[in-house]
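>>> What shape does this take:
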Amino acid sequence: MILITIILPTLLSLVFSWFVGVMVCHWTKGHLLYPKYENRFLIHDRKWEKFIALKWFEKFISYFPLEYWEFKLMYGKKPDSYRLEEIREKHFTREMEYFIAFTVLAGLTLFIYFTHNTLFFYPLLAANVFGNIYPFLVHQRIRRKLQRN
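Below is the predicted model:
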């Protein structure tokens with residue numbers, strides 16, 4: 001029962017942060033920031049990708065339907081009809097959504113930490129890292145690979 005009382009609020013918080021990230025990015029027209037920040041990346045070196053096991057995470061999430069749903073949401077019914085620049089912009093927009101979601105969940109996590117509720121702090125911290133930071137870095141990696149081509 002304790003696992004349900006910990007996991008369910010953590011997952012709901014993660015979904016809430018994703019929803020806020022998508023809505024804020026849509027309202028602020030996050031894709032308009034692409035020309036200004038198209039060449040900015042958090043990780044430039046493949047050594048860091050290996051250190052944080054980014055490829056392993058990307059392979060791990062490919063076993064779940066979440067990646068398929070994200071692909072369908074991003075590209076719609078005709079994934080072949082996009083130019084390379086549009087694909088980069090879509091990945092940048094997705095990065096912005098994950099970054100905003102990370103910020104929202106980090107604020108919630110800090111609030112929970114300062115209220116001395118460590119029972120929820122660590123699961124929220126893990127959800128933020130694996131649910132927002134790693135997908136953010138995966139999209140950045142894809143965009144960086146597309147930029148090299």
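>>> got the end-to-end distance for stretch 124-134?
End-to-end distance for stretch 124-134, by CA to CA, to the nearest Å: 14 Å.
>>> pLDDT averaged over that stretch - what is it?
In this model, stretch 124-134 has a mean pLDDT of 86.
>>> can you tell me which helix or strand the nearest residue to residue 124 once chain neighbours are set aside belongs to?
In space, and not counting its chain neighbours, residue 124 is closest to residue 109: 4.5 Å by CB to CB, 6 or more residues apart in numbering. Where you see a C-beta, it was placed from the backbone N, CA and C, and this is true even at glycine. Assessed by DSSP states H and E, residue 109 sits inside helix 84-114.
>>> List the contacts of the residue nearest to residue 124.
If you count contacts by CB atoms under 8 Å, 6 or more residues apart in numbering, residue 109 has them with 121, 124, 125, 128.
>>> between those residues, which is nearest residue 94?
Nearest to residue 94 among those, counting by CB to CB, is residue 128 at 16.7 Å.
>>> how distant is the helix holding residue 109 from the center of its chain?
Distance of helix 84-114 from the chain centroid (CA atoms, centre = their mean, to the nearest Å) equals 6 Å.
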